[in-house]
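Engineer: Would you be able to build a 3D model of this:
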Amino acid sequence: MHRKVAVLMPMRKQTDNTLVGAIKASGGFMDVRQLEDGTMVGIGPLLYTTAIYVGMDLISWNQRFCFDDLELAFSEYRKLRSGQDEPSGWIARRPQLPT
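Structural biologist: Below is the predicted model:
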């Protein structure tokens, strides 16, 4: 008997719905969506804050913005239209950029 195993490769181009579903299924996110420019974003809880993740794939993210107010985090998450947009009102970001 042969078992079929589905493997999602992060470097392989996947359909948008497949990648969104795979990221959601990985757990830890309240929502995941694809922006108009194709950038994947998500929002999820951390220990003491809520984070917006920008530039996501199955194993990493490019930027993370932390909020101490859940409603503000969701409001800023909904405003994102491209991977170049930066939410406002965050209390920490990763990676930290030089000032």
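Engineer: Show me where this structure has its helices.
Structural biologist: Along the chain, counting by DSSP state H, helices occupy 16-25, 70-79.
Engineer: Of those, which is nearest residue 48?
Structural biologist: Closest approach to residue 48 among those is made by helix 70-79 (11.5 Å; C-beta to C-beta). All C-beta atoms are positioned from the backbone trio N, CA, C, and that covers glycine.
Engineer: buried residues in the closest one?
Structural biologist: Within helix 70-79, the residues scored as buried using 16 or more other C-beta atoms under 10 Å are 72, 73, 74, 76, 77.
Engineer: what sits against the one residue sitting closest to the centre of the chain?
Structural biologist: The structure's the chain has its C-alpha centroid closest to residue 42; by C-alpha atoms, centre = their mean the separation is 2.8 Å. Shown in contact with residue 42 (C-beta atoms under 8 Å, 6 or more residues apart in numbering): 23, 29, 30, 31, 32, 33, 52, 53, 56, 61.
Engineer: at 6 Å what do you get?
Structural biologist: Contacts were defined as C-beta atoms under 6 Å, 6 or more residues apart in numbering; by that measure residue 42 touches 29, 32, 53, 56.
Engineer: where does the protein have its least confident helix or strand?
Structural biologist: The helix or strand with the lowest mean pLDDT-type score in the chain, counting by mean pLDDT, DSSP states H and E, is helix 16-25 (a mean of 83).
Engineer: now that one, how far from the centre of its chain.
Structural biologist: Chain-centre distance of helix 16-25: 11 Å, with C-alpha atoms, centre = their mean, to the nearest Å.
Engineer: how about the strands in the protein?
Structural biologist: 31-34, 40-45, 50-54, 63-67, 92-94 (DSSP state E).
Engineer: Need the winner for burial among those.
Structural biologist: Mean neighbour count (mean count of other C-beta atoms under 10 Å) peaks for strand 50-54 among these, with a mean of 23.
Engineer: List the contacts of it.
Structural biologist: By C-beta under 6 Å, 6+ apart, the surrounding residues in contact with strand 50-54 are 41-44, 61-67, 70, 73, 77, 83, 87.
Engineer: quick check: angle from that strand to helix 70-79?
Structural biologist: Put simply, strand 50-54 runs at 20 degrees to helix 70-79, going by axes from the mean of the first three to the mean of the last three C-alpha atoms, to 10 degrees.
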